[in-house]
Every structure is written in C-alpha cells, then in structure tokens.
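In: heads up, no residue letters with this:
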Ligand code: KIV
Ligand code: ZN
C-alpha cells in the first residue's frame, strides 16, 4: 500500500527569510490561496510576533478558511506563543536551539533548562486547544542521546508532531537516514523533517528521511529560504510520486505555483531548476531531440511528464541543428516544406543562433509559417535594402528606408510616436501612401527579452482590397516592416495574377 506523506509548506515563513525578500500582506494571501489550491496539508504562514504586519498577515490567512491547516512560528517565550494563538492559527510551531554551538552562543541556558522550557511550552500551547509542533533547532549537530531525551520529553508533554531540522544543511542522505530511523524507533509521535540546501542535498536528505520513516516533509516553493534555501516542494513531491508515495498535491499546479512565487518574491528561477524550470523539459536538437520526438521517455524520466506538472515540452533548435533534423521536426509537426523554403528556414535558424538566441520548436514553426507563406524573391514588387531607425528619450523617433519598388531605387523617411510607428509610416510613404495599415498585432512567442516577435498586419489599398501577412524576428522594428512588405508583395502579386 502507498504510504501517505504530509506536505508542510514554509514558503511564507522560511521562504520569506530569503535574503532580500519581504512579502506584503496581499502577496502572502495570494500565495497562501495558491498553496491551498495546490493541496499542501499545512501552510506555515509566518512568525506572528515578528512585526505588526506579520501578525496581520498570519491572522488574515488563518481567517481565510482554507483547507490547509495554518501554522505560526514561535520562539519558546510566552509572548511569541500568545501572538501565534491570537492570530488564530491551527498549529503553533515552537523551536529552540539544541546543538552545543547554538546553545553556547545564543540561548545560554543549560541543556536541562532547555528540556524544561520545551515541555512547559508544549503544555502551554496544548492548554489553548491548538496543535503543537516542536523543533530542536540544529538537530543534525546535536548529540543523539540528548535529542532522544528532548523529543521524548515533549512527546510525553503531548506534542502533536516533532520536527528534525537540518538547520545548516550539513546532513547527507545516509547519515540523515540513520538519524531519522533511530528517532523513529524511539518515538511514537509523527516525525517531520526540515532540510536546508547548503550542499545541494535538501531534496535527497528529505527523501532519505521519508524512507527512514518520516511522516511529513517541510518544503518551500522553488526551494527558496535562508541562505541556499530549503528542500524544493516541486522536487520533493515529484520524487515522492515517482517512488510510489502518496501526497495530496495536485501536481498539475506545480508550474503555476512556481511562477506565482517567482513573480511575487522576485527570486528568479534558474532555467535548469528541476520540474519547474524553463529547461526542465526542453531538449537541444541532436540525438536527444530526435529520440524525444519519437518517444519522450527516451530522454526524460518518463514517470513525470510536462503535462502532469503544468509544464510544456520544448525542442530547442541550436545553431548546430542540421537541415535534416529541422526538416524532420517540421514534417512531424505536419508542415510540407520544399527545398528552397527549407534552405531559408535553416538560414534563419542559424542566423538567430549566431545572435545567441535559443530557438524553440514554437519559434521554428513561426519561422516556417512565415517563410512558407512568403512571395518568392523574383516575384516581389518591393524589396527592402536598408533600414535606419533612431530613437531615444530626447529624440523624435525617425526611420529612413532604402528599397527597390517595382524595379526603382527609392529612399523615404518618416517620424512617429515610436520606432515601429516611424518605420511603418516610412513604409507607407515608400509606397506613395497607396496603402493603409488597418490592423497590426505583435506577439512574443517565447519569454525573455530575446523572444521572437510574431507580427500580423492587414493592409488595404486604394481600391479597398485587403491582405493580411505575417513576419517574425527578434527585432520588433524589422519584423513589423517585413510583415507590411510581405502583405504588399502578396497584394501586388494577386493583382498581377488577376490581370493576366
Ligand atoms: O532551519 C531551521 O532550523 C528552522 C527552524 C525554525 C525550524 O527554520
Ligand atoms: Zn529553516
């Protein structure tokens, strides 16, 4: 039978301790609602005694009536515990240092006093009818005999769950496994673990603890938190799923949740972040992409698909991509490509690659659609030779265009409210104002400042005839001009053919 593991999310508490992160109440509420939608069992909403704002945030979250239990952190002092209880939390998470180094330099109490304080605080929390979690801070640097004693003492005092924090992230999977196993055999209460990522082992350690009998995992979205952060919710949950454990997480919301936390905290996600990063299901062209196009399981874990976590698979076409490969990707996606168009598509991909742009399959499909729909060079009425655009905060945007129109060289210039406007005015000038742009739309295909801009335009000539065309490029001005010129060439070609 699948073992069920409870997920305790501390994005709003330890996650908020990420250097430089401070979340306004409204943001905390937004994240709490999203965590609830995601299905976490417990939300540690904050540290109520830390400030007035923090108290209000925890209270407002506790009053939302979410499905998840709401927890508030408290030091082992009455004032902290009272603040958490007053904030209406379902659970108070009390913590106290237990390792020699932390006791000596922070709390300065004897080890026996620490046990007594812990027992008193558990009893105090429980006397208010609220659940209690106890953390022996820096547990992984605390002697095992002492840890067993303090955890046993709080268990006897009625604690609901004990947490084993790897506060400075020094645990390793085998050692942590042994430690949790020993504690599991010694205690009856559920065990929760809280792993920091100082050596990049937070997920591995959390998983080792689960194998050793831990019942609950503490995690943060995107692994944010003190220093190198905490175990990442998305990594731990996906791994537990892959290894046959059950959680209440609705995995299809993992990417959505990750993006929200990234946006509201301002902590940028590295592209190679497992499960939710931009590249988590991206494949650079070559053997991998080839295999993935046939069966994604060839170069992906398989048990987790991008759709399962709300992600998308992308094939990134690098500048080394071969002609055959590009043809194959296009044909597999249903495009019929002649050799001449294929040459142009490959050139465009390499040109973008040389400029450092990562070309995704979506970019490639757009490039192909534009090129497959272009008028052939010898049939074009207008060809652009050179474009110069100047813009700036104290300069009126101005565009100058050199082109060949019906076999004649022409130069025009125009000013506009911005560089695109100036360029499009210069294009209409070039055509003797015989066309009007009736519709203009620009979309960014993939994210980032180097995204490929996809421009659609509809033009109308003097007789009221219209034509819609499209162009794509990383330069929004050039993509806009190309789209209009494409439309003009179509229109002229159509008229020429009509006259024949
Ligand atoms: O890392 C830590 O020890 C903590 C405690 C408050 C549990 O965050
Ligand atoms: Zn921590």
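Out: Arrived safely. This structure is a prediction, so every number in the text was calculated from the model and none was measured. Ligands and ions are numbered 1, 2, ... in the order given.

In: let me see the domain layout of the chain.
Out: 6-265, 282-372, 382-499 (automatic domain parsing).

In: residues contacting residue 28?
Out: 12, 16, 45-46, 57, 60-61 (Cβ atoms under 8 Å, 6 or more residues apart in numbering). C-betas here are computed from N, CA, C, even on glycine.

In: give me every residue in the stretch 51-200 of the chain lying close to ligand 1.
Out: 95, 135, 137, 163, 165, 167, 194, 196 (Cβ under 6 Å from any ligand atom).

In: how far away is residue 367 from residue 80?
Out: 59 Å (Cβ to Cβ, to the nearest Å).

In: got it, and residue 186?
Out: Noted for residue 186: a distance of 28 Å to residue 80, by Cβ to Cβ.

In: all strands for the stretch 51-200 of the chain, in order.
Out: 69-75, 91-97, 131-137, 161-166, 191-195 (DSSP state E, counting those that start in this stretch).

In: tell me the centre residue of the protein?
Out: The residue lying closest to the centre of the chain (Cα atoms, centre = their mean) is residue 259, at 4.0 Å.

In: and the helix or strand where that one lies, what does it pack against?
Out: Using DSSP states H and E, residue 259 maps to helix 254-265. Using 3 or more Cβ pairs under 8 Å, 6 or more residues apart in numbering; DSSP states H and E, the elements in contact with helix 254-265 are helix 25-38, helix 233-242.

In: nearest to ligand 1 among these would be which one?
Out: Nearest of the helices and strands packed on helix 254-265 to ligand 1, taken as Cβ to the nearest ligand atom: helix 233-242 at 15.3 Å.

In: can you list contacts of that closest one?
Out: 5, 7, 9, 11, 40, 203, 206-207, 210, 217, 219-223, 246-247, 249, 251, 254, 257-258, 274-276, 301, 303-304, 309.

In: given the host helix or strand of residue 283, what are its sheet partners and their directions?
Out: Element membership for residue 283, per DSSP H and E: strand 282-284. Here strand 282-284 is paired, per DSSP bridges, with strand 314-317 (parallel).

In: what's the strand it pairs with in contact with?
Out: 281-285, 289, 292-293, 325-326, 329, 349, 353, 358-364.

In: among those residues, which are located in strands?
Out: 282-284, 359-360 (DSSP state E).

In: for ligand 1, state which of the residues you listed is nearest.
Out: Distance to ligand 1, by Cβ to the nearest ligand atom, is smallest for residue 282 among the ones in strands among the contacts of strand 314-317, at 33.1 Å.

In: ok so, going back, could you export the strands of the stretch 51-200 of the chain as CSV, including mean pLDDT, mean neighbour count and distance to residue 104?
Out: Shown next, in CSV, are the strands of the stretch 51-200 of the chain (pLDDT from 0 to 100; neighbours: other Cβ atoms under 10 Å; distance: least, Cβ to Cβ, whole Å):
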stretch, mean pLDDT, mean neighbour count, distance to residue 104
strand 69-75, 98, 24, 17
strand 91-97, 98, 25, 9
strand 131-137, 98, 24, 13
strand 161-166, 98, 25, 18
strand 191-195, 98, 27, 22
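
In: so how far is ligand 1 from residue 217?
Out: In this view, residue 217 and ligand 1 are 13 Å apart by Cβ to the nearest ligand atom, to the nearest Å.

In: residue 258: what's it in contact with?
Out: 221-222, 234, 269, 276.

In: once you drop chain neighbours, what's closest to it?
Out: Closest residue to residue 258 apart from its sequence neighbours, by Cβ to Cβ, 6 or more residues apart in numbering: residue 276 at 3.9 Å.

In: gap between stretch 451-469 and the chain center?
Out: Centroid displacement of stretch 451-469 relative to its chain, using Cα atoms, centre = their mean, to the nearest Å, is 35 Å.

In: and if you look at stretch 474-490?
Out: That offset, for stretch 474-490, works out to 33 Å (Cα atoms, centre = their mean).

In: buried sites along that stretch?
Out: Neighbour counts using 16 or more other Cβ atoms under 10 Å place 474, 476-490 of stretch 474-490 among the buried residues.

In: neighbours of the closest residue to residue 9 other than its chain neighbours, just the number please.
Out: Among residues not flanking residue 9 along the chain, residue 40 sits closest, at 4.2 Å (Cβ to Cβ, 6+ apart). Neighbours of residue 40 under the rule other Cβ atoms under 10 Å: 30.

In: the chain should start at 25 in everything you say after this.
Out: I'll keep to 25 as the first residue from here, and by that count the last item is residue 64.

In: how close does residue 64 get to residue 90?
Out: 10 Å.

In: over to residue 296?
Out: Residue 296 is 32 Å from residue 90, by Cβ to Cβ.

In: so between those two, which is more surrounded?
Out: Between residue 296 and residue 90, residue 90 has the larger neighbour count (other Cβ under 10 Å), namely 17 against 10.

In: show me the contacts for the more buried one.
Out: 56-57, 60, 67.

In: make it 6 Å
Out: residue 60 (Cβ atoms under 6 Å, 6 or more residues apart in numbering).

In: got it, and residue 451?
Out: 505, 508.

In: try 7 Å
Out: Residue 451 sits next to 425, 505, 508-509 when contact means Cβ atoms under 7 Å, 6 or more residues apart in numbering.

In: and what of residue 273?
Out: Contacts of residue 273 (Cβ under 7 Å, 6+ apart): 31, 62-64, 261.

In: for the stretch 225-374 of the chain, which segments count as helices?
Out: Taking DSSP state H, counting those that start in this stretch as the test, the helices found in the stretch 225-374 of the chain are 226-235, 257-266, 278-289, 311-318, 347-356, 363-378.

In: out of the ones you listed, flag the one nearest ligand 1.
Out: Per Cβ to the nearest ligand atom, nearest to ligand 1 of the helices of the stretch 225-374 of the chain: helix 226-235, 10.8 Å.

In: in terms of secondary structure, what does that closest one contact?
Out: helix 197-210, strand 215-219, helix 257-266 (3 or more Cβ pairs under 7 Å, 6 or more residues apart in numbering; DSSP states H and E).

In: among these, which comes closest to residue 99?
Out: Distance to residue 99, taken as Cβ to Cβ, is lowest for strand 215-219 among the helices and strands packed on helix 226-235, at 15.8 Å.

In: quick check: residue 31 is in a strand.
Out: Yes: under DSSP: H, G, I helix; E, B strand; the rest coil, residue 31 sits within a strand.

In: distance of it from ligand 1?
Out: 16 Å.

In: could you find the closest non-adjacent residue to that residue?
Out: Residue 31's closest residue in space is residue 64 (Cβ to Cβ, 6+ apart), at 4.8 Å.

In: quick one: contacts for that neighbour?
Out: 31, 33, 92, 273.

In: residue 367: which of those residues is nearest?
Out: When the contacts of residue 64 are compared against residue 367 (criterion: Cβ to Cβ), the nearest one is residue 273, at 48.2 Å.

In: quick check: pLDDT value at the closest one.
Out: For residue 273, the model assigns a pLDDT of 98.

In: please name the nearest non-neighbouring residue to residue 331.
Out: Once flanking residues are discounted, residue 331 sits nearest to residue 276: 7.7 Å by Cβ to Cβ, 6+ apart.
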